[in-house]
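Undergrad: next comes the sequence, and after it the predicted model I'd like to discuss.
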Amino acid sequence: MTTLMESKTTAPQHALIKTVLVAQTESLGRVETPIVEDLLRKSKSRTVLDIGCGEGAFLLQLARGIKGARFLGIDHNELGIADAQRRLRRRSQPNVKFKTAFFDEGFDRDRYDAILTRYTLQHCSNPRDFLCAVFERLKKKGTFIALESLDAYTDCHEHDPVWERYRASLGAVHKKIGSDANIGRSLGSLFRAAGFRDIQVRIVLCSPSTVGWARFRAVVLATAELAFGLFPDLIDRTLLEDLKAWLGDRARLEEKDPYLCSAIANGTRP
């Protein structure tokens, strides 16, 4: 059974998803990018494949810091790749290419120094088979890097009922669309089962303290509006309005310092 994100999305759905992806890059990306850059430099990767690149914002941000590598971003969503191509033309980064493609048996048989996924495994209907396929597309000593949500650890330094309601509703949305918002807890075992070695898993926090109030507010609000747009029965208008008011109170938000949690895993093909 495929998940919602493995299916074709409509233009209105894509517009909401794109807003979330851009906000994720501008917020979570600030704490994730330096770690991924360091891993790619240490592994001396020269060819990097990003599976599920979406509208390309994160890959372009990453590629700016690593001039000696060539990056290919793929996504099955034609609308996402069209956005990525437009973004690429505006920035003119010759070390990056995008194309519409499924990462399946029909994908090219080239092997890469590094493969990257970001918030992709959580929407994968068979993560174990996916990791085995990634393993086969890496060169010897190649690196796989996966960035995934870890909603079970997402919390608030001081209990807040609005944040708790939002977390509960978001969990219901993930269940509805068939995604695993806590796959970050399984990354170590998934990597090991696929044959990877030298496995590391890091946990990072995105909060008003780590990325700033405005960026944190933007990513939470964009995610809530996406969920409301898709499933208004799971995140209702009252919760959305309460969340907007809560996020708009900068002093209160900085005092409570709520945070989103994600996991970054890497492993090497022996």
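TA: Perfect, thanks for sending it.

Undergrad: check contacts around Asp242.
TA: By C-beta atoms under 8 Å, 6 or more residues apart in numbering, the contact list for Asp242 reads 162, 165. Every C-beta, even on glycine, is put in place using the N, C-alpha and C of the backbone.

Undergrad: after the helix or strand it falls within, which helix or strand is next? Please name it.
TA: Using DSSP states H and E, Asp242 sits within helix 237-248. Sequence-wise, the next helix or strand beyond helix 237-248 is helix 250-256, with elements assigned using DSSP H and E.

Undergrad: show me what the next helix-or-strand element following that next one is packed up against.
TA: Stepping forward along the backbone from helix 250-256, the first helix or strand reached (DSSP H and E) is strand 260-268. Contact analysis of strand 260-268 by 3 or more C-beta pairs under 8 Å, 6 or more residues apart in numbering; DSSP states H and E lists helix 28-42, strand 138-149, helix 187-194, strand 197-206, helix 213-230 as its packing neighbours.

Undergrad: ok, 10 Å please
TA: For strand 260-268, the contact count by 3 or more C-beta pairs under 10 Å, 6 or more residues apart in numbering; DSSP states H and E identifies helix 28-42, strand 112-118, helix 127-136, strand 138-149, helix 187-194, strand 197-206, helix 213-230 as packing neighbours.

Undergrad: now do the second one and strand 138-149, the angle between them.
TA: Going back to what we said before, that points to strand 112-118. Computed with axes from the mean of the first three to the mean of the last three C-alpha atoms, to 10 degrees, the direction of strand 112-118 lies at 10 degrees from that of strand 138-149.

Undergrad: within its sheet, name the partner strands of strand 112-118 and how each one runs.
TA: strand 47-51 (parallel), strand 138-149 (parallel) (DSSP bridges).

Undergrad: and the next helix or strand after the last one, what does it pack onto?
TA: So the one you mean is strand 138-149. For strand 138-149, the following helix or strand on the C-terminal side (DSSP H and E) is helix 161-177. Here helix 161-177 is seen to pack against helix 213-230, helix 237-248, helix 250-256 when contacts are counted using 3+ C-beta pairs under 10 Å, 6+ apart.

Undergrad: quick one: which of the helices and strands packed on strand 260-268 is nearest Ala84?
TA: strand 112-118 (13.3 Å; C-beta to C-beta).

Undergrad: average pLDDT across the closest one?
TA: Across strand 112-118, pLDDT averages out at 98.

Undergrad: returning to what we had before: is it possible to get CSV of the helices and strands packed on strand 260-268 that adds distance to Arg91 and mean neighbour count?
TA: Formatted as CSV, the entries for the helices and strands packed on strand 260-268 read as follows, by distance: least, C-beta to C-beta, whole Å; neighbours: other C-beta atoms under 10 Å:
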stretch, distance to Arg91, mean neighbour count
helix 28-42, 15, 18
strand 112-118, 19, 24
helix 127-136, 27, 18
strand 138-149, 22, 21
helix 187-194, 31, 18
strand 197-206, 24, 16
helix 213-230, 20, 20
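
Undergrad: turn the ones you listed into TSV, including distance to Pro258.
TA: Output for these, formatted as TSV (distance: least, C-beta to C-beta, whole Å):
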stretch	distance to Pro258
helix 28-42	14
strand 112-118	22
helix 127-136	28
strand 138-149	15
helix 187-194	23
strand 197-206	10
helix 213-230	8
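
Undergrad: so which of the ones you listed comes closest to Lys176?
TA: For the helices and strands packed on strand 260-268, the distance to Lys176 is smallest for helix 213-230, at 8.3 Å, taking C-beta to C-beta.

Undergrad: so how far is that closest one off the chain centroid?
TA: A distance of 14 Å separates the C-alpha centroid of helix 213-230 from that of its chain, computed with C-alpha atoms, centre = their mean, to the nearest Å.

Undergrad: cool, stretch 224-234 as well?
TA: Per C-alpha atoms, centre = their mean, the centroid offset for stretch 224-234 relative to its chain is 19 Å.

Undergrad: about what we covered before: same list, the strands paired with strand 112-118, but as JSON lines with distance to Leu239 and mean pLDDT please.
TA: Conversion of these to JSON lines gives the following (distance: least, C-beta to C-beta, whole Å; pLDDT from 0 to 100):
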{"stretch": "strand 47-51", "distance to Leu239": "33", "mean pLDDT": "98"}
{"stretch": "strand 138-149", "distance to Leu239": "20", "mean pLDDT": "97"}
